[in-house]
Structure formats: C-alpha cells, structure tokens
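**Student:** Model the following, please.
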Amino acid sequence: MNNSRLEIGLKTLQAIDGEAGQRVIDALQSFAPDLARFTIEFPFGDIYSRPELDLKSREIATVAALTALGNCAPQLKVHIHAALNVGCTPTEIIEVITQMAVYAGFPAALNGAFAAKEVFMERGILALENTEPK
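**Tutor:** You can find the predicted model right below:
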C-alpha cells in the first residue's frame, strides 16, 4: 500500500466531504476494509487530487454522472453535499440535473432532483436563488 496515496486521498476527502465522507469510510472498515482503502486511494488520492480540474468542476461532473446513472441516490446525495461544500450553488446543481434529462431521460433527472431536494432540506436550503421557470 502506498501511504502517500492514502494520505492524499484522506486530505482530499476531508476537503470535499468533511465528516460525511469519513462516516462512509468508517462504515466500510469493519467488513470491507480493502474497499474502504480503495475508495480513498483511487478516487480521492489519484483522481480528485489531479490539478487539471478544480474540485467544483469535478463535483459538477460527478453529480451529472450519478444523476445519469439513475440508480445511485445515496452516492448522489453525498456528492450533492460535496458540490455545495466546494462552492456549487443549489441553482447550479439543479441546472446540472436538469441537463441530464436530455442525455439520461426524465426519470433519471427527476430522481436526481428529488435527491437534491432532500439534501437542500437537510441543509436548510428552502428556496433556490432563482425560482422563476425559464
């Protein structure tokens, strides 16, 4: 095991997800410790830490991908929290999810929107900056 990958991954995970990310890793530790370590080392140690995209751009891409998959609500909620943590606005998140209706279909986008609503409610975000339909 390369400890620098793990250390970089833990630092990046903390910057993005804070305690929520650590709770996921802790939950895996007792029964799938290798998966917990891989989850830190590869996505956060190797990919998220690359300098070519900032964390906000990476979270926008992740929210789009998880929305498009359509069956990843728990992971999507974690990454909607993360997107907010790294500077995305609720309006930007909803816009990304709305765009996925074009590429992944309305069911996936609707599931994503409802996941976002749950996250916004958890965080006390009751209204978007712009609620007027376009």
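
**Student:** mind giving me the domain ranges of the chain?
**Tutor:** The chain breaks down into these domains under automatic domain parsing: 1-52, 53-134.

**Student:** So which of these is the most surrounded?
**Tutor:** The highest mean neighbour count among those, using mean count of other CB atoms under 10 Å, belongs to domain 53-134: a mean of 17. (Glycine included, C-beta is placed from N, CA and C.)

**Student:** follow-up on the earlier one: mean pLDDT for the domains of the chain - can I get that in JSON lines?
**Tutor:** What follows is the domains of the chain, written out as JSON lines (pLDDT from 0 to 100):
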{"stretch": "domain 1-52", "mean pLDDT": "90"}
{"stretch": "domain 53-134", "mean pLDDT": "93"}
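
**Student:** How about residues contacting the lengthiest helix in the chain?
**Tutor:** Using DSSP state H to assign secondary structure, the helix with the most residues in the chain is helix 106-122. With CB atoms under 8 Å, 6 or more residues apart in numbering as the test, helix 106-122 has contacts from 63, 66-70, 73, 76-77, 80-81, 84, 90, 93-94, 97-98, 100-101, 126.
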